[in-house]
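Asker: I would like to see how this sequence folds:
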Amino acid sequence: MGDIVGAFICSISDRDWETTLTKGIYGNRTGNIRGGFYKDFDPKTKYSIIRDLVGMKVEDVVFFHILGRDKPSSVHGIYSIRGDPFYDESRIWGDDFEVFPYRFLFSPHPKYRYLCDYDANIEVTDFYELIENRRIWSLATLENEVNMEARSVRRIGEDEANEIIRLLHRDYRQRRRQERVRFDLVQLPIDVIPLYNAIGDIGRYENSIKAFLMYKLAQGDPYLLNVFGGVTDFMNEVFIAQTTRKTIDILCINRVEGMSTYVICEVKTGKCDTKGLSQVLYYMDLFKQKDLVDINSDIIAGCLIGRAFDEHVIEYSRERNRQGVNGSLILLKYQPSVNGRKATFSQVAS
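Answerer: Predicted coordinates for the structure are as follows:
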């Protein structure tokens, strides 16, 4: 499916799926219930939700991971995003505490309308088989794990999306509704707030600058595309390998004429020191071990992003790049602006 620009998997409870499906609107929460009381998420978590959504744009594709209460979970698709993410507190779902205001609109994908009309899906066990067989390589699980950041929206690669589509077609006759879905799509309210306007505190929280980067990449920011040497796909919080729970902050991919360049970005709120340098070099070495990487032709580069850089980091990067080692290092400095709602970028000579 060569027309995919971005692809996502969004988790949702089976309780809310019917409303979400027929109205073509997905929402993420602002808090959860603790000790019998509803509590808003802290800023770090709030910006992680925004970070995972602002990389979306119109005509990206989305699958849904339906969390079953009394039955196994499943993966449904394939739908097309029909509006940029936004913030809106109008009540859509019948939840007593939550209005799920971090939202986007979607509709049946025009090329795969027949799958959507009958709510085609696959068992989640088949999805995990794709992970085991390394056909899904950016994720290790769809579940929220202890000591790992809870996430409901995950960006995946085009090749991974194609694998899910293949299984949806394979199981179409067995895993679909008997009656056609009655879509009654809601329209975008007039007075909504674009979600990128909810980004704030850049320079204070790591997820804030990550969110801004994801938004700028989705918008095809010319400066960032030039720094990274072109970007045909990008994703965030990418598992380096199934055997480790370490994740890449942002991965930029450029596929041209059978060759791929992968830029592994490590983001720091403040100064990038030698510890951050060691981290990105370690991630580069681990990433080379992935099955999708052709070590004979593909390029694995690293990028440190921060407000300042240790002199040892700058000196090492200059020497490495001067020697022409396969896998250059990019040092990208950011400066918060507009009261922490935006940032400017400049490449440090290395």
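Asker: what sits up against the helix or strand residue 237 falls within?
Answerer: Element membership of residue 237, judged by DSSP states H and E, is strand 233-241. For strand 233-241, the external contacting residues (CB atoms under 8 Å, 6 or more residues apart in numbering) are 5-6, 51-52, 55, 138-140, 149, 151, 154-158, 210, 214, 217, 245-253, 255, 283, 286-287, 289-290. All C-beta spots, glycine's among them, are computed from the backbone N, C-alpha and C.
Asker: just the buried members of these?
Answerer: Taking 16 or more other CB atoms under 10 Å as the criterion, what is buried in the contacts of strand 233-241 is 5-6, 51-52, 55, 138-140, 151, 154-158, 210, 214, 217, 247-253, 255, 283, 286-287, 290.
Asker: Show me those residues that map onto strands.
Answerer: Judged by DSSP state E, strands contain the following of these: 154-156, 247-253, 255.
Asker: Same list (those) but as a markdown table, adding distance to residue 202 and pLDDT.
Answerer: Putting those into a markdown table (distance: CB to CB, whole Å; pLDDT from 0 to 100) gives the following:
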| residue | distance to residue 202 | pLDDT |
| --- | --- | --- |
| 154 | 23 | 95 |
| 155 | 21 | 96 |
| 156 | 26 | 96 |
| 247 | 21 | 92 |
| 248 | 20 | 95 |
| 249 | 15 | 96 |
| 250 | 15 | 97 |
| 251 | 21 | 97 |
| 252 | 20 | 96 |
| 253 | 25 | 95 |
| 255 | 30 | 91 |
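Asker: Looking at these, spot the one nearest residue 302.
Answerer: Looking at these and their distance to residue 302, the nearest is residue 248, at 10.1 Å (CB to CB).
Asker: pretty sure the closest one is touching residue 263, no?
Answerer: No: the pair residue 248 and residue 263 does not pass the contact test of CB atoms under 8 Å, sitting 9.8 Å apart.
Asker: and residue 336, bridged to which residues?
Answerer: According to DSSP bridges, the partner residues bridging residue 336 are residue 343.
Asker: Could you measure from it over to residue 295?
Answerer: Residue 336 is 38 Å from residue 295, where distance means CB to CB, to the nearest Å.
Asker: who has more neighbours, these two?
Answerer: Comparing residue 336 with residue 295 by other CB atoms under 10 Å, the one with more neighbours is residue 336, at 19 against 9.
Asker: any idea how far residue 236 is from the more buried one?
Answerer: To residue 236, residue 336 is 20 Å away according to CB to CB.
Asker: From what I see, residue 274 and residue 310 are in contact.
Answerer: Yes: distance between residue 274 and residue 310: 6.1 Å, which falls inside the contact criterion (CB under 8 Å).
Asker: The two: which is more packed in?
Answerer: residue 310 (17 against 11).
Asker: Report the contact partners of the more buried one.
Answerer: Contacts for residue 310 were tallied using CB under 8 Å, 6+ apart; they are 271-274, 277.
Asker: got it, and residue 175?
Answerer: Taking CB under 8 Å, 6+ apart as the criterion, residue 175 is in contact with 74, 120-123.
Asker: For these, give me CSV that also has secondary structure, pLDDT and neighbour count.
Answerer: CSV is the format used below for the contacts of residue 175 (DSSP: H, G, I helix; E, B strand; the rest coil; pLDDT from 0 to 100; neighbours: other CB atoms under 10 Å):
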residue, secondary structure, pLDDT, neighbour count
74, strand, 96, 21
120, coil, 97, 24
121, strand, 97, 24
122, strand, 97, 24
123, strand, 96, 15
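Asker: which two in those residues are spaced the farthest apart?
Answerer: Considering CB to CB, no two members of the contacts of residue 175 lie farther apart than 120 and 123, which are separated by 12.2 Å.
Asker: Quick check: neighbours shared by the two?
Answerer: Shared contacts of residue 120 and residue 123, counting by CB under 8 Å, 6+ apart, come down to 171, 175.
Asker: hey, C-alpha coordinates of stretch 83-99 in PDB?
Answerer: Once non-C-alpha atoms are left out, stretch 83-99 reads as follows in PDB (Å, rounded to 0.1, in the frame of the first residue of the first chain):
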ATOM      1  CA  GLY A  83      -9.000  15.700  10.200                       C
ATOM      2  CA  ASP A  84      -6.000  16.900  12.200                       C
ATOM      3  CA  PRO A  85      -6.100  16.000  15.900                       C
ATOM      4  CA  PHE A  86      -7.900  18.500  18.100                       C
ATOM      5  CA  TYR A  87      -9.000  19.200  21.700                       C
ATOM      6  CA  ASP A  88     -12.700  19.300  22.400                       C
ATOM      7  CA  GLU A  89     -14.700  18.700  25.600                       C
ATOM      8  CA  SER A  90     -18.200  18.100  24.100                       C
ATOM      9  CA  ARG A  91     -19.600  14.800  25.400                       C
ATOM     10  CA  ILE A  92     -19.600  11.900  22.900                       C
ATOM     11  CA  TRP A  93     -19.200   8.800  25.000                       C
ATOM     12  CA  GLY A  94     -21.300   7.800  28.000                       C
ATOM     13  CA  ASP A  95     -18.600   7.900  30.600                       C
ATOM     14  CA  ASP A  96     -19.400   9.400  34.000                       C
ATOM     15  CA  PHE A  97     -16.000  10.900  34.600                       C
ATOM     16  CA  GLU A  98     -14.200  11.300  31.300                       C
ATOM     17  CA  VAL A  99     -15.000  13.200  28.000                       C
END
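Asker: measure residue 277 to residue 207 for me?
Answerer: With the distance defined as CB to CB, residue 277 ends up 22 Å from residue 207.
Asker: whoops, residue 151 was the one
Answerer: Counting by CB to CB - residue 151 and residue 207 are separated by 11 Å.
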